[in-house]
Structure formats: structure tokens, C-alpha cells
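Participant: give me the fold of what follows.
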Amino acid sequence: MAKPQPQAIPSVPQAHGLAISGIALFTDNYAWLLRDRATGAIAVVDPGDNAPVEAALAPYGGRLDLILLTHHHADHIGGAEALRERTGARLAGPAAEQHRLPRLDIPLTDGQSIAVGASVGTVIATPGHTLGHLCYFFPDPAALFCGDTLFSLGCGRLFEGTAAQLFDSLRRLSALPPATLVYCGHEYTLANSAFALAVEPNNPALLQRVEEVRRLRAQGQPTVPSTLAVECATNPFLRAPDSQTLAALRARKDTF
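Facilitator: Residues are numbered from 1 along each chain as shown. The predicted structure is shown next:
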């Protein structure tokens, strides 16, 4: 009788990509917690306050490997230094704004790569809201961490840059895959929806999105992330055909 051959153990695909969760800060800010499934590495984007982030890290033993900053405003960086001191995490952010940030371990510029464990993202310069603003795009899942450059149904105010710069920045973001999840820095969608409706009251995609947003907020649920496809169909700033139109929309929104 032939000797039985040992059975091969079927390979189990290793989990990969990022697990992403939101951390509510202040009245309407979000920090984003990124966990690389393959390695367990953890990053946080824009920790404006350290205490809620530390609470979110507790299930992972307080581990934090990387802090990613999009720009220098206090509500996005306020907890960064305390988190670095407590966890030993490296701090990465825009090299162009490092004079207004906690000391950067990894100064970043447009086109560089940034890794959270085995998940590698791309740095995208998006001047407009601030001159050195950066966004971070990760491909698995397709996710954009866009700070205050792009909001659901809106965009950031022009505190430092020009409308032409912001227009170019938004065009770069709109060229990402349509299924990209848009993780912005604030829960502004409901407020933004009123202005979007004033601009395009007969846009069926917008009407559907506004109904969804109202339902979510009535239930106390977040409206982000949305997707880039949804934003391109509903966001008046992404739909502006040129920088002059964008400038007019932004000025109108500032006093809406």
C-alpha cells in the first residue's frame, strides 16, 4: 500500500492594507487613526488634541509609530508633541511649514512616499488653505487624508494661498481614483450643503447627498468619509471650471 502523502496546508492570505477609524476632537474636528493590518503599525493624522487619541490607542497598548500633519493650524497639531513624548512616534509633516510646527522627524515635500508599516502612501502638495498644506493618499484602500484643503461639499478658506493655487490643488485631488475615500479634517458637510444647494439647486446627485447628510446628522452619525466620485458630482468647488469661478465661489461662501 502506498504510503499516505502529507496534505499541504492551504495558505491563508495575509491581511493587508489600512484599517481606518475616526477620532472626534473639539466640536467638529477629526483625527484619523491608521492601522496597517500586515504589521500592526499605527499612525494618526492631525491630532489636534492628545487625550482622545490616547484613548483610541489604548486597545493597541498605546502603540503609535507615526504622526502625520497636513498643515500648521493649532486644531490639527495641538496634541502632536505630547503624543510623541508619550509614545516615541516619529512626526512627519510639511517641510515648508516646519518653522510653524513641532520639530519634524520627517519633513515631507510633494511626491515623496510615506509608510505606515507595509502601507505606502504618496504625499501631495495642496497649497491654498495654507501655503505648505499636504495631503496623503494611500492605495489600499484608496484613501485621501486631505486636512482642510477639501471638505465634503466644500473646501478650505484661502488663508494664505491664492484661488489659482487652490484650483490646481483641487484638480490634483480630483484626478485620484473615483472610489477614493475622502477623509477630511472637519464635520462641515451639513453646513456646506446649504451653500452647495444655493449654487446648484437642481443637481440631482447633490439633492440625494443632502438628504443622506441630513439623515446621518439627525442620527448623530458622521458624514465622512465620502468618496471622490460623490464629491466630483456634488461639491461646487471641485466642479468649478476655472480658478476665477473658484475664487468667486470661495468669496461668496466666506460671507454666506
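
Participant: ranges for the strands of the stretch 1-150 of the chain?
Facilitator: Taking DSSP state E, counting those that start in this stretch to define them, one finds strands in the stretch 1-150 of the chain at 18-25, 29-36, 42-45, 66-68, 90-94, 106-108, 113-116, 119-125, 134-139, 142-147, 150-151.

Participant: burial of Leu104, as a residue count?
Facilitator: 18 (other CB atoms under 10 Å). For the C-beta atoms, the positions are set from N, CA and C on the backbone; glycine is no exception.

Participant: in contact with it, which residues?
Facilitator: Shown in contact with Leu104 (CB atoms under 8 Å, 6 or more residues apart in numbering): Leu91, Ala92, Gly93, Ala95, Gln98.

Participant: who wins on neighbours among those?
Facilitator: Gly93 (28 neighbours).

Participant: any chance you could map the helices in the stretch 51-200 of the chain?
Facilitator: Secondary structure of the stretch 51-200 of the chain, counting by DSSP state H, counting those that start in this stretch: helices at 74-77, 80-87, 163-174, 189-199.

Participant: closest to Leu134 out of the ones you listed?
Facilitator: Across these, Leu134 has its closest neighbour in helix 163-174 (10.3 Å, CB to CB).

Participant: just want the angle from the closest one to strand 142-147.
Facilitator: Counting by axes from the mean of the first three to the mean of the last three CA atoms, to 10 degrees, helix 163-174 lies at 160 degrees to strand 142-147.

Participant: on that earlier part again, what would the helices of the stretch 51-200 of the chain look like in TSV with mean pLDDT and distance to Leu238?
Facilitator: Output for those, formatted as TSV (pLDDT from 0 to 100; distance: least, CB to CB, whole Å):
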stretch	mean pLDDT	distance to Leu238
helix 74-77	98	22
helix 80-87	98	29
helix 163-174	98	5
helix 189-199	98	11
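
Participant: out of the strands of the stretch 1-150 of the chain, nearest to Leu206?
Facilitator: Closest among those, once you apply CB to CB, is strand 150-151, at 14.5 Å.

Participant: hmm, back to that, what would the helices of the stretch 51-200 of the chain look like in CSV with distance to Ser119 and mean neighbour count?
Facilitator: Formatted as CSV, these follow (distance: least, CB to CB, whole Å; neighbours: other CB atoms under 10 Å):
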stretch, distance to Ser119, mean neighbour count
helix 74-77, 21, 18
helix 80-87, 19, 18
helix 163-174, 19, 20
helix 189-199, 27, 18
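
Participant: reformat these as a markdown table; add distance to Asp254.
Facilitator: Listed next are the helices of the stretch 51-200 of the chain as a markdown table, based on distance: least, CB to CB, whole Å:
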| stretch | distance to Asp254 |
| --- | --- |
| helix 74-77 | 19 |
| helix 80-87 | 29 |
| helix 163-174 | 12 |
| helix 189-199 | 10 |
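
Participant: out of these, nearest to Thr180?
Facilitator: Between Thr180 and the helices of the stretch 51-200 of the chain, the shortest gap by CB to CB is with helix 163-174, which sits at 8.5 Å.
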